[in-house]
Structure formats: structure tokens, C-alpha cells
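**Q** let me see the structure of the following:
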Amino acid sequence: MIIEDLVAYILQIMIPYILASTGIIVAGRAGVFDVTVEGLMLLSASVTFTTSYLLGGNTWLGVIAGSSIGLATGSLLWYLTSVRRINQFIAGLTLLVVYIGIAGLIYKLVIGITLTPPRIPVLTGLDWLSINVPFLGSVLLKQNPLFYIAIALIITLHMLIFSSGWGISYRAVGENPRAADTSGVDVMRVRLLALIMGNLLIALSGAYLVSTFTGTYTDTIVSGRGWISIGIAIFGGWRILESLLGAVIISSIETSIFILQASGTWIPYQILQMIPFISMISILVWISKKAVLPRSLGRNYDRESYEEF
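**A** Now for the predicted structure:
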């Protein structure tokens, strides 16, 4: 039972990583490097919590509101990078800082400063799905509803992008937008769709943290998961299913840290909190020479200018 609970927990905390990294991959495959992840996750978490709190603890409405932030943020990043043609990293880092500030502001405007932060109901496991199957029943069939929604979204997007005719045109925008444009693909539209889909997934990962883990909001709720998710996307070679391995590795490390802290280890907690970041950096250094990126990743496309891709 202990092993089953441990595996179930690893799968549960894997979801924010795989959602955020999938959002990064979806945008990156169209040529946009979305570095707003950390700030967007925090903003979504704040909106999810405050919406649910104002609506009497309706967690699902909070999740919908928090995830919907991705529509606006994706469109905004598209406007800045594809219409105004601002450098993707400058625009992304600027928005990241803005999102972090807005997240804290929304929480303080709605909740104020309190000694005991209020809480909202968290989404619990679907016990009615559990069946008398050894291991499988308690590990996979008792997860919360967002777990199954996230897995379904990830599989669907993988099939669309990597196993369909439409996906070929989609990925062509991230490899050679000029060639894609010449062949009749609307580069601007594809990048807008990519950023909206990607930001919706990233926002959903932030909503997941509040609605399934904590039931409350703090300024440290994301705790670097956005940056780690970028590393997971690179680790997976900008492929969705391959990134699952990176998410499992990091979530397993994070679970081990919780166990060490609960056991009263002599290791300072500051050192323990550094382990996921050190692990991801080590992995990226190890695969750095083998990492494959979309050729036009991070580069804005201008039909009127001449640039060799």
C-alpha cells in the first residue's frame, strides 16, 4: 500500500510539470519560445483561487477562470512578437514580471492581508472509479478529475501535432516559416493558435496547483516549476510524450524530498529545495550536445524581410 500511494502521488505532482512543458512545446513547435511560464502559472493560480473564493468555494469555476487566462496571455504574447515583432525573450521576460506582480495584486485586493489565509475545497479523487485491480485500481483509478483531463489533452495534442497531416504544416512553421508561408500556410494564424493552446495548458497547470494541492494561494506556490518545465521540454527534444519521462524524474525527486523532510533529516531544507533545479541543470548539461530545437525557435517571422532560415 505504501508503494502504491507513493506512485499515485508521483503521478499527481507530475501533472503541473507535463502540462506546462506541453504548453511550451506547443508554442515552440510553431517557433515561439514562451518564457512567461513561471509568471503565467502564478497568475492563473491567483485567479483560480480568488474566483473560487468569491463564488463561495466553487473550485471548478475557479479552474475555468484560471485556465481562461491563457486566452488573453497567449493573444498578448502573439501581438507583441508576431505583430509588433518585439524580441520573443524580451517580451516574454517582461510579461513574466508583470504577471507575477498582477498575481500578488489580485490576491491582496480580494483577500487583503490576513494571519490565516482562507482556503477553498480541493478536487478529490474519484473513488467510484476504483475497482479491485491490484496496483492499477489505487494508482490510476483514484486520481482527481483534472488528472484525467490533463492526460487526455496531452495525448490529443501529441496526435494532432506529431501524427496528423495538419501537424506537418504546424511544425513546418517552427522549422522554416518562409517555406511554410510559400506553401500556403498562414504563419501568423498558426502562431496565434499555438500561443493560445500553449498558454491555456500552462494556465491549467497553475490552476491545478491550487485546486488539487494547496486549496489556497501563496506567492511561492509555483516555486520554480515553470523554469523546470522549460528544462523538461528541452530534455524531451520538444516532443510531448518524450517529455513525460522528464516530468516523472522531477516529480520523483520532489516526492523524495518531501519524504526526507517528513523524516526529520539533518539536511537543511534550503539544500533539499535546490535538488530539483540541480538535477535538471545536470540533465540538460548531459544532453546539451544532443538537444534538438525547432530551427526557427525564438525568431520572429517577417514576410517582407529577407532572412535565411
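**Q** the longest helix along the chain packs against which elements?
**A** Criterion DSSP state H: the longest helix present in the chain is helix 2-28. With contacts taken as 3 or more CB pairs under 8 Å, 6 or more residues apart in numbering; DSSP states H and E, helix 2-28 sits against helix 37-54, helix 136-139, helix 145-162, helix 187-208, helix 225-235, helix 240-262. Yep, even glycine has a C-beta here, placed from its N, CA and C like the rest.
**Q** what are the buried residues along the fourth one?
**A** When neighbours are counted by 16 or more other CB atoms under 10 Å, the buried residues of helix 187-208 are found to be 187-188, 190-208.
**Q** below-threshold pLDDT in the stretch 1-150 of the chain: ranges please.
**A** By pLDDT under 70, the weakly predicted segments of the stretch 1-150 of the chain are 1, 126-138.
**Q** which SSE is Leu77 in?
**A** Here Leu77 sits within helix 59-78, counting by DSSP states H and E.
**Q** show me what that helix is packed against.
**A** helix 37-54, helix 88-110, helix 187-208.
**Q** okay, the angle between it and helix 88-110?
**A** Relative orientation of helix 59-78 and helix 88-110, computed by axes from the mean of the first three to the mean of the last three CA atoms, to 10 degrees: 150 degrees.
**Q** sec struct for the residue nearest to Ile234 when sequence neighbours are not counted, please.
**A** Leaving aside its sequence neighbours, Ile234 sits nearest to Ala291 (CB to CB, 6 or more residues apart in numbering; 5.7 Å). With DSSP: H, G, I helix; E, B strand; the rest coil as the basis, the three-state label of Ala291 is coil.
**Q** which residues does Ala291 contact?
**A** By CB atoms under 8 Å, 6 or more residues apart in numbering, Ala291 lies in contact with Ile234, Gly237, Leu284.
**Q** returning to what we had before: can you tell which of the helices and strands packed on helix 2-28 is closest to Thr81?
**A** Thr81 sits nearest to helix 187-208 of all these, at 7.8 Å, using CB to CB.
**Q** elements contacting that closest one?
**A** Under the contact criterion of 3+ CB pairs under 8 Å, 6+ apart, helix 187-208 touches helix 2-28, helix 37-54, helix 59-78, helix 145-162, helix 165-175, helix 177-182, helix 225-235.
**Q** deepest of these, which one?
**A** helix 37-54 (a mean of 27; mean count of other CB atoms under 10 Å).
**Q** name the element Arg85 belongs to?
**A** Residue-wise, Arg85 maps onto no helix or strand under DSSP H and E.
**Q** now Glu304
**A** Applying DSSP H and E, one finds Glu304 in no helix or strand.
**Q** that one: neighbouring residues, count only.
**A** 4 (other CB atoms under 10 Å).
**Q** what do you get for Lys289?
**A** 6.
**Q** shift numbering so it begins at 44
**A** Right, with 44 as the first residue, what we last looked at is Lys332.
**Q** do you know how far it is from Trp270?
**A** Distance, Lys332 to Trp270, using CB to CB, to the nearest Å: 22 Å.
**Q** next: Val182.
**A** 29 Å.
**Q** run through the stretch 244-352 of the chain and note the low-pLDDT ranges.
**A** By pLDDT under 70, the weakly predicted segments of the stretch 244-352 of the chain are 348-352.
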